[in-house]
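show me how the following folds:
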Amino acid sequence: MELLKVKDLYLPNCYPSEVNKKGVLEYFIYGKGWQKTKSFKVIDGVSLPDRWSDLTWLEIAELYDKYGLEVANQYAEKKTAGIVSRQTAKGYGLIYSKIKHIITDDFNPRLFELLRCDYMLSCFGVFILDIVSLDDQLGKLDPEYSPTTAKYKGCDCSMMEYVLQKFGQMYVDVIEAANQN
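This next block holds a predicted model:
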(Lines give C-alpha, C1' and ligand atoms only; values in the text may rest on other atoms or scores of the structure.)
Protein backbone atom coordinates (compact mmCIF):
# COMPACT_ATOMS: atom_id res chain seq x y z
CA MET A 1 0.00 0.00 0.00
CA GLU A 2 1.29 3.45 -0.87
CA LEU A 3 2.08 6.09 1.72
CA LEU A 4 0.86 9.62 1.00
CA LYS A 5 1.94 12.90 2.57
CA VAL A 6 -0.10 16.09 2.90
CA LYS A 7 1.98 18.85 4.49
CA ASP A 8 3.30 17.04 7.59
CA LEU A 9 0.50 14.44 7.74
CA TYR A 10 1.03 10.87 6.52
CA LEU A 11 -1.89 8.85 5.17
CA PRO A 12 -2.16 5.36 3.72
CA ASN A 13 -3.63 5.24 0.21
CA CYS A 14 -6.79 3.35 1.21
CA TYR A 15 -10.24 4.29 2.43
CA PRO A 16 -10.87 6.81 3.98
CA SER A 17 -7.86 8.46 2.34
CA GLU A 18 -7.84 7.69 -1.37
CA VAL A 19 -6.77 9.41 -4.53
CA ASN A 20 -9.75 9.65 -6.87
CA LYS A 21 -9.68 9.31 -10.67
CA LYS A 22 -9.12 13.06 -11.06
CA GLY A 23 -5.92 12.94 -8.98
CA VAL A 24 -7.48 14.57 -5.92
CA LEU A 25 -6.77 13.12 -2.50
CA GLU A 26 -9.92 12.81 -0.43
CA TYR A 27 -9.32 11.97 3.21
CA PHE A 28 -11.03 12.01 6.57
CA ILE A 29 -9.43 13.40 9.71
CA TYR A 30 -11.03 12.70 13.06
CA GLY A 31 -12.27 15.97 14.55
CA LYS A 32 -11.97 17.86 11.23
CA GLY A 33 -14.06 15.83 8.82
CA TRP A 34 -13.56 15.26 5.10
CA GLN A 35 -10.76 17.12 3.34
CA LYS A 36 -9.67 17.34 -0.32
CA THR A 37 -6.37 18.38 -1.82
CA LYS A 38 -4.34 18.14 -4.99
CA SER A 39 -1.24 19.11 -3.02
CA PHE A 40 0.11 15.77 -1.81
CA LYS A 41 2.89 13.41 -2.70
CA VAL A 42 3.42 9.68 -2.78
CA ILE A 43 6.38 8.71 -0.62
CA ASP A 44 8.79 6.70 -2.75
CA GLY A 45 10.45 3.63 -1.31
CA VAL A 46 7.83 3.05 1.37
CA SER A 47 5.37 0.23 1.01
CA LEU A 48 2.98 -0.18 3.90
CA PRO A 49 1.58 -3.62 4.76
CA ASP A 50 -1.84 -4.48 3.38
CA ARG A 51 -4.59 -2.79 5.40
CA TRP A 52 -5.95 -6.15 6.54
CA SER A 53 -2.57 -7.50 7.65
CA ASP A 54 -2.60 -8.94 11.15
CA LEU A 55 0.05 -6.71 12.72
CA THR A 56 1.05 -6.89 16.37
CA TRP A 57 0.56 -3.85 18.60
CA LEU A 58 4.33 -3.46 18.58
CA GLU A 59 4.35 -3.21 14.76
CA ILE A 60 1.44 -0.75 14.89
CA ALA A 61 3.32 1.32 17.49
CA GLU A 62 6.39 1.37 15.22
CA LEU A 63 4.19 2.69 12.38
CA TYR A 64 2.80 5.33 14.75
CA ASP A 65 6.34 6.37 15.60
CA LYS A 66 7.35 6.67 11.93
CA TYR A 67 4.19 7.98 10.28
CA GLY A 68 1.73 9.10 12.96
CA LEU A 69 -1.71 8.24 14.21
CA GLU A 70 -3.61 8.23 10.91
CA VAL A 71 -1.45 5.41 9.52
CA ALA A 72 -1.33 3.42 12.77
CA ASN A 73 -5.07 3.67 13.23
CA GLN A 74 -5.71 1.91 9.89
CA TYR A 75 -4.11 -1.23 11.33
CA ALA A 76 -5.48 -0.74 14.86
CA GLU A 77 -9.02 -0.79 13.46
CA LYS A 78 -8.50 -4.41 12.45
CA LYS A 79 -7.83 -5.27 16.11
CA THR A 80 -10.49 -3.10 17.74
CA ALA A 81 -13.13 -0.68 16.48
CA GLY A 82 -13.81 3.04 16.35
CA ILE A 83 -12.57 5.50 18.95
CA VAL A 84 -11.10 2.62 20.96
CA SER A 85 -8.72 1.79 18.10
CA ARG A 86 -7.55 5.37 17.83
CA GLN A 87 -6.93 5.74 21.57
CA THR A 88 -5.24 2.33 21.78
CA ALA A 89 -2.96 3.03 18.79
CA LYS A 90 -1.98 6.37 20.29
CA GLY A 91 -1.37 4.83 23.72
CA TYR A 92 0.83 2.06 22.36
CA GLY A 93 2.61 4.57 20.11
CA LEU A 94 3.41 6.83 23.04
CA ILE A 95 4.64 3.91 25.14
CA TYR A 96 6.79 2.74 22.22
CA SER A 97 8.35 6.19 21.94
CA LYS A 98 9.47 5.86 25.59
CA ILE A 99 10.97 2.37 25.19
CA LYS A 100 12.28 2.15 21.62
CA HIS A 101 15.83 2.97 22.70
CA ILE A 102 15.78 0.02 25.15
CA ILE A 103 14.23 -2.84 23.20
CA THR A 104 16.20 -5.17 20.98
CA ASP A 105 15.16 -7.25 17.98
CA ASP A 106 14.33 -10.21 20.22
CA PHE A 107 11.89 -8.18 22.37
CA ASN A 108 8.69 -10.19 22.78
CA PRO A 109 5.74 -8.42 21.08
CA ARG A 110 3.30 -10.36 23.27
CA LEU A 111 4.77 -8.70 26.35
CA PHE A 112 4.55 -5.31 24.66
CA GLU A 113 0.79 -5.85 24.39
CA LEU A 114 0.60 -6.00 28.19
CA LEU A 115 1.90 -2.42 28.41
CA ARG A 116 -1.45 -0.72 28.08
CA CYS A 117 -2.40 2.83 28.88
CA ASP A 118 -5.24 3.42 31.30
CA TYR A 119 -8.18 3.66 28.90
CA MET A 120 -10.36 6.07 30.88
CA LEU A 121 -7.51 8.51 31.38
CA SER A 122 -6.59 8.26 27.69
CA CYS A 123 -10.11 9.45 26.84
CA PHE A 124 -9.12 12.70 28.56
CA GLY A 125 -5.77 12.91 26.80
CA VAL A 126 -3.69 11.46 29.66
CA PHE A 127 -1.69 8.49 28.39
CA ILE A 128 -0.04 6.69 31.31
CA LEU A 129 0.85 3.06 31.79
CA ASP A 130 -1.82 1.02 33.58
CA ILE A 131 0.59 -0.68 35.99
CA VAL A 132 -2.22 -2.46 37.89
CA SER A 133 -3.51 -4.03 34.68
CA LEU A 134 0.04 -5.10 33.79
CA ASP A 135 0.44 -6.80 37.16
CA ASP A 136 -2.95 -8.52 36.81
CA GLN A 137 -2.15 -9.75 33.30
CA LEU A 138 1.20 -11.17 34.44
CA GLY A 139 -0.66 -13.04 37.19
CA LYS A 140 -3.10 -14.48 34.64
CA LEU A 141 -0.28 -15.65 32.39
CA ASP A 142 1.70 -17.37 35.14
CA PRO A 143 -0.21 -19.32 37.82
CA GLU A 144 2.91 -19.33 40.02
CA TYR A 145 2.81 -15.52 40.29
CA SER A 146 0.14 -13.89 42.47
CA PRO A 147 -0.08 -10.12 42.14
CA THR A 148 -2.65 -9.83 44.94
CA THR A 149 -0.37 -11.50 47.51
CA ALA A 150 2.91 -10.38 45.88
CA LYS A 151 4.28 -13.91 45.73
CA TYR A 152 6.11 -15.93 43.10
CA LYS A 153 6.54 -19.65 43.70
CA GLY A 154 5.41 -19.12 47.28
CA CYS A 155 8.04 -16.45 48.10
CA ASP A 156 7.52 -12.71 48.57
CA CYS A 157 8.09 -11.02 45.23
CA SER A 158 7.19 -7.62 43.80
CA MET A 159 6.08 -7.30 40.20
CA MET A 160 9.45 -5.90 39.16
CA GLU A 161 11.31 -8.71 40.94
CA TYR A 162 9.06 -11.20 39.15
CA VAL A 163 9.72 -9.57 35.77
CA LEU A 164 13.46 -9.59 36.44
CA GLN A 165 13.45 -13.29 37.36
CA LYS A 166 11.13 -14.38 34.57
CA PHE A 167 12.12 -12.14 31.65
CA GLY A 168 15.34 -10.27 32.47
CA GLN A 169 16.66 -6.76 33.04
CA MET A 170 15.63 -5.36 29.64
CA TYR A 171 11.96 -5.94 30.49
CA VAL A 172 12.36 -4.24 33.89
CA ASP A 173 13.96 -1.28 32.12
CA VAL A 174 11.11 -1.24 29.58
CA ILE A 175 8.45 -1.14 32.29
CA GLU A 176 10.28 1.61 34.18
CA ALA A 177 10.66 3.68 31.00
CA ALA A 178 7.02 3.11 29.98
CA ASN A 179 5.92 4.24 33.43
CA GLN A 180 7.73 7.59 33.18
CA ASN A 181 5.57 10.68 32.66
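
what secondary structure does I43 sit in?
Assigned with DSSP: H, G, I helix; E, B strand; the rest coil, I43 falls in the strand class.

and after the longest helix along the chain, which helix or strand comes next?
As assigned by DSSP state H, the longest helix anywhere in the chain is helix 82-99. Using DSSP states H and E, the next helix or strand after helix 82-99 towards the C-terminus is helix 109-112.

go ahead and measure how far the longest helix of the chain is from the middle of the chain.
Centroid separation for helix 82-99 versus its chain: 4 Å, with C-alpha atoms, centre = their mean, to the nearest Å.

same check, this time on stretch 143-158
On C-alpha atoms, centre = their mean, the centre of stretch 143-158 falls 29 Å from that of its chain.

with stretch 68-76 instead?
With C-alpha atoms, centre = their mean as the basis, stretch 68-76 stands 9 Å off its chain's centre.

how about residues contacting that stretch?
3, 9-12, 14, 17, 29, 48-49, 51, 53, 55, 59-61, 63-64, 85-86, 88-90, 93 (C-beta atoms under 8 Å, 6 or more residues apart in numbering). All C-beta atoms are positioned from the backbone trio N, CA, C, and that covers glycine.

one more time with 7 Å
Stretch 68-76 is contacted from outside by 9-12, 14, 48, 51, 53, 55, 60, 63-64, 85-86, 88-90, 93, using C-beta atoms under 7 Å, 6 or more residues apart in numbering.

need the buried ones from those selected in ChimeraX.
Per 16 or more other C-beta atoms under 10 Å, the buried members of these correspond to this ChimeraX selection:
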select :9,10,11,12,48,55,60,63,64,85,86,88,89,90,93
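
mind listing what's buried along stretch 153-168?
For stretch 153-168, the buried set under the neighbour-count rule, 16+ other C-beta under 10 Å, comprises C157, M159, Y162, V163, L164, K166.

let me see the domain layout of this structure.
By the assignment in automatic domain parsing, the chain contains the domains 2-104, 112-178.

got those domains as CSV, with mean pLDDT columns?
Converted to CSV, the domains of the chain look like this (pLDDT from 0 to 100):
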stretch, mean pLDDT
domain 2-104, 93
domain 112-178, 95
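
L129 - how many residues pack around it?
Residues lying near L129 (other C-beta atoms under 10 Å) number 22.

and it, what does it touch?
I95, L115, C117, A178, N179.

selection in PyMOL covering whichever of those residues are buried, please.
In PyMOL syntax, the buried subset of those is picked out as below (16+ other C-beta under 10 Å):
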select buried, resi 95+115+117+178
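
would you point out the most distant pair within the contacts of L129?
By the measure C-beta to C-beta, C117 and N179 form the most distant pair in those, at 10.9 Å.
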